[in-house]
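Visitor: only the shape, not the letters, is given here:
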């Protein structure tokens with residue numbers, strides 16, 4: 001019998017699933033590629049679908065912010081995503097196929113936003129360009145990409161139904177995490193996270209700050225943020241909080257980037 005050969009390394013002979021191994025390598029800090037980056041997720045359903053009245057003031061605000069801050073704009077899908085998911089579910093398509101179809105919509109929105117931001121040197125980039133972010137920012141460009149995570153056909157099946165659990169909020173969060181960003185900001189059409197849907201219950205209360213653990217324990221019927229983002233906060237190495245603000249209110253984004261408390265902060269830290 002031929003003797004098994006191993007390359008000399010710290011992981012030689014490891015199965016890569018042993019719990020003790022994870023404890024051994026956990027102490028090694030990961031590199032933050034762009035530690036002063038602000039990842040700004042523009043919701044498709046909450047922002048872009050409203051058209052010129054909401055989008056254009058936001059474009060001007062982002063453009064001005066880009067003159068003194070490092071920004072990466074990430075786009076969501078919106079109503080067209082919901083339409084294609086509805087059709088696909090009705091036709092019995094697998095979750096991975098639904099993810100492939102839905103991802104095309106946020107790409108379209110990224111193209112539109114990049115064009116609108118062109119006078120501020122906006123440029124549409126693909127996920128394969130993310131490791132070029134430092135160079136793009138250094139030459140004065142404002143990168144714009146889509147938020148759909150590139151799982152595609154490999155999308156994880158949800159616990160219930162067939163809607164892909166990893167959507168554009170999750171994609172924006174994962175981008176911020178891998179780049180070691182300073183801020184992960186979600187722009188929505190409400191002030192932040194409420195105890196209930198404020199459109200259904202006008203007496204719902206705004207939650208200014210909450211931990212990821214507390215939010216998951218509430219097991220809310222509906223959230224303005226994808227549940228997968230909240231779950232990911234618990235294990236993230238760099239992104240320790242996600243900020244949710246109203247993108248319909250001019251100046252809110254500027255205030256957040258300047259360090260003010262606006263909307264809701266979901267944090268991984270214990271109070």
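Guide: All right, it came through fine. This is a predicted model, so every value here is computed, not measured.

Visitor: give me the residues contacting stretch 78-95.
Guide: Applying C-beta atoms under 8 Å, 6 or more residues apart in numbering, the contact partners of stretch 78-95 are 43-45, 48-49, 97-98, 101-102, 104-106, 108-109, 155-158, 161-164, 167. To be clear about C-beta, it is placed using only N, CA and C from the backbone, and glycine gets the same treatment.

Visitor: how about stretch 107-117?
Guide: Identification of contacts with stretch 107-117 by C-beta under 8 Å, 6+ apart yields 42, 44, 48, 55-56, 59, 62-63, 66, 73-78, 80, 122-124, 142, 144-146, 148.

Visitor: re the thing from before, check the contacts of stretch 78-95 for burial and list the buried ones.
Guide: For the contacts of stretch 78-95, a neighbour count by 16 or more other C-beta atoms under 10 Å gives the buried set as 43-45, 48-49, 97-98, 101-102, 105-106, 108-109, 155, 162-164, 167.

Visitor: for residue 213, give me phi and psi.
Guide: The phi/psi pair for residue 213 (degrees, to the nearest 10) reads phi -60, psi -50.

Visitor: same question for residue 82.
Guide: phi -60, psi -40.

Visitor: tell me the pLDDT of it.
Guide: Residue 82 is assigned a predicted lDDT (pLDDT) of 94.

Visitor: what's the distance between it and residue 39?
Guide: 24 Å (C-beta to C-beta, to the nearest Å).

Visitor: before we move on, the earlier item: are any of the contacts of stretch 107-117 buried, and which?
Guide: Looks like those have 42, 44, 48, 55, 59, 62-63, 66, 73-78, 80, 122, 124, 142, 144-146, 148 buried, using 16+ other C-beta under 10 Å.

Visitor: so which of these belong to strands?
Guide: If you go by DSSP state E, the buried ones among the contacts of stretch 107-117 have 42, 73-75, 122, 124, 142, 144-146 in strands.

Visitor: tell me which of residue 82 and residue 39 has more neighbours.
Guide: Between residue 82 and residue 39, counted using other C-beta atoms under 10 Å, residue 39 has the larger neighbour count: 27 against 16.

Visitor: quick one: secondary structure of that one?
Guide: Following DSSP: H, G, I helix; E, B strand; the rest coil, the label given to residue 39 is strand.

Visitor: tell me who's in contact with the residue nearest to it when sequence neighbours are not counted.
Guide: In this structure, residue 39 finds its nearest non-sequential neighbour in residue 176, 4.1 Å apart by C-beta to C-beta, 6 or more residues apart in numbering. Counting by C-beta under 8 Å, 6+ apart, residue 176 touches 37, 39, 183-184, 238-239.

Visitor: among the ones in strands among the buried ones among the contacts of stretch 107-117, which two are most distant?
Guide: Within those, 142 and 146 form the most distant pair, 15.2 Å apart (C-beta to C-beta).

Visitor: all strands for the stretch 101-250 of the chain, in order.
Guide: Per DSSP state E, counting those that start in this stretch, the stretch 101-250 of the chain carries strands over the ranges 122-124, 142-146, 183-188, 193-194, 206-207, 209-211, 241-246.

Visitor: in JSON lines: the ones you listed, plus distance to residue 16 and mean pLDDT.
Guide: JSON lines is the format used below for the strands of the stretch 101-250 of the chain (distance: least, C-beta to C-beta, whole Å; pLDDT from 0 to 100):
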{"stretch": "strand 122-124", "distance to residue 16": "36", "mean pLDDT": "97"}
{"stretch": "strand 142-146", "distance to residue 16": "30", "mean pLDDT": "97"}
{"stretch": "strand 183-188", "distance to residue 16": "28", "mean pLDDT": "98"}
{"stretch": "strand 193-194", "distance to residue 16": "37", "mean pLDDT": "94"}
{"stretch": "strand 206-207", "distance to residue 16": "39", "mean pLDDT": "94"}
{"stretch": "strand 209-211", "distance to residue 16": "31", "mean pLDDT": "96"}
{"stretch": "strand 241-246", "distance to residue 16": "29", "mean pLDDT": "97"}
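
Visitor: distance to residue 88 added to those strands, as a markdown table?
Guide: Formatted as a markdown table, these follow (distance: least, C-beta to C-beta, whole Å):
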| stretch | distance to residue 88 |
| --- | --- |
| strand 122-124 | 25 |
| strand 142-146 | 18 |
| strand 183-188 | 25 |
| strand 193-194 | 29 |
| strand 206-207 | 33 |
| strand 209-211 | 33 |
| strand 241-246 | 28 |
